[in-house]
Structure formats: structure tokens, C-alpha cells
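Student: show me the folded form of this:
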Amino acid sequence: MALMRNLARLFAPPAQNPAVAALYAACVTQARAPEFYRVLGVPDTVDGRFDNLVLHVVLVMRRLGGEEELKQQLFDLMFADMDQSLREMGVGDMGIGKRIKPMIAAFYGRMQAYDSALTNADEALANALSRNLYGKATPSSDALRGMTEYVRRAAAALGAQPQSDILDGNVKFSSPLLGEEKN
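Tutor: Presented below is the predicted three-dimensional model:
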């Protein structure tokens, strides 16, 4: 019996840090807000939803700063969730790696693009969003401007939150639309 318990522990997923799980849940919830798709023109597709989630995880990772272990845990949790989602969509074991590997590369590319763009003018951020978040879709100029403004507000709102709150998993995003309060 002890052998079975030890084997079960060996193959069990790593224990989740509750703070990291809360951060990831907040990113997922925010990325699912209908305003992104209805008003700001983010493509309501699997790719569009993935890219919107990546954007929010990147924003939180930027806020975590030098907390490398937490950032790694957040990344790991996101891709464990992607793995599970692909399995639920019917992708078999042999196809998971072929799907996850490009998603990971996309994540790192977007992280670098957004990090660089957030330190530059709005035009650079709009270009990064157009290329990465909207992909092949062409957003209206109003939608792209609104999304650019949202990302700036979200980064500022995250930056204004106490580090202790973030480390405890308590993160609040701004509303996707200017002038609306986010609960």
C-alpha cells in the first residue's frame, strides 16, 4: 500500500501555490470579459482568447518583478491549464507537445513584445497589440486605441496595488472600457 501512495505522489501534479492559483484565476476571469470581444474587437476565437490570456498573464508577471519563482509557477500553471484544455478538446497525448511548444514560443515572443512596448510610446504598444493580440484580424482604429488605453490603465492599476496584495494572490484589473468601474 505504501508503494502505491509513493507512486501516486511521484506522478501527481505539483501542489499549487494558492496565491499563484488566485493570480491565474484573476487573469482568466479578466481575459474572458465580454467587452474585449464585443467592443474592443479581440477575435472571439481560440487564438484570440489565448492571446488575451497571455496579455493578462504578462501584465501580472511584469508586476511581480523579481519574484522569479512565482512567475515560473504562474507560467507553469497556465500551460498545465492549456494542456488540460487541449485534452478536453480531444487532442491526444501524441499531439499535445506539438500544440504546446508553439504556444510557449508565442508566449515568450508576446511577453518580450509587450514588455518592450510598455516602456515606449502608445504607437509601439498599439503595434504590438495589433500584431499579437489581433493577429490576422484588423481592429478598427477605435478598438485598437481602446485596447491600447486599457493595457496602459491595467498596467498602472497593477502597479498601484501593494506588492503584498499581489504576492497573496489578490490582483485587481481595471475595466476593459474607460469610464466603467470593475468590481
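
Student: for Q84, what are phi and psi?
Tutor: Dihedral angles of Q84 (phi, psi; degrees, to the nearest 10) stand at phi -60, psi -40.

Student: going forward, begin numbering at 620 instead of 1
Tutor: From this message on, residue numbering opens at 620, which makes the last subject Q703.

Student: number of nearby residues for it?
Tutor: Residues near Q703, counting by other C-beta atoms under 10 Å, number 12. Placement of C-beta: from N, CA and C, glycine included.

Student: and L763, by the same measure?
Tutor: Residues within reach of L763, counting by other C-beta under 10 Å, total 20.

Student: which SSE is the closest residue in space to it that isn't next to it in sequence in?
Tutor: In this structure, L763 finds its nearest non-sequential neighbour in A745, 5.4 Å apart by C-beta to C-beta, 6 or more residues apart in numbering. If you go by DSSP states H and E, A745 is part of helix 741-751.

Student: hang on, the earlier thing: who's in contact with the residue nearest to L763?
Tutor: Each residue near A745 by C-beta atoms under 8 Å, 6 or more residues apart in numbering is listed here: 763-764, 766-767.

Student: buried stuff in the helix holding A745?
Tutor: For helix 741-751, the neighbour count (16 or more other C-beta atoms under 10 Å) marks 744-749, 751 as buried.

Student: need the pLDDT of the residue nearest to L763.
Tutor: We have a pLDDT of 97 for A745.

Student: repeat that for R771.
Tutor: Predicted confidence (pLDDT) at R771: the value is 96.

Student: in the helix or strand that it is a member of, which residues are buried?
Tutor: For R771, the host element (DSSP H and E) is helix 760-779. Of all the residues in helix 760-779, those buried under the rule 16+ other C-beta under 10 Å are 762-763, 765-770, 772-774, 776-777.

Student: nearest to L696, out of those: which one, please.
Tutor: Of all the buried residues of helix 760-779, L777 has the smallest distance to L696: 18.1 Å, by C-beta to C-beta.

Student: what helices or strands is the lengthiest helix in the chain leaning on?
Tutor: Assignment by DSSP state H gives helix 712-737 as the longest helix of the chain. Counting contacts by 3 or more C-beta pairs under 8 Å, 6 or more residues apart in numbering; DSSP states H and E, helix 712-737 is packed against helix 665-683, helix 687-707, helix 741-751, helix 760-779.

Student: for these, which one sits closest to A644?
Tutor: helix 687-707 (9.5 Å).

Student: any idea which element P795 lies in?
Tutor: Going by DSSP H and E, P795 is not in any helix or strand.

Student: OK, contacts around it?
Tutor: Contacts of P795 by C-beta under 8 Å, 6+ apart are 652, 654-655, 658-659, 769.

Student: thanks a lot, catch you later.
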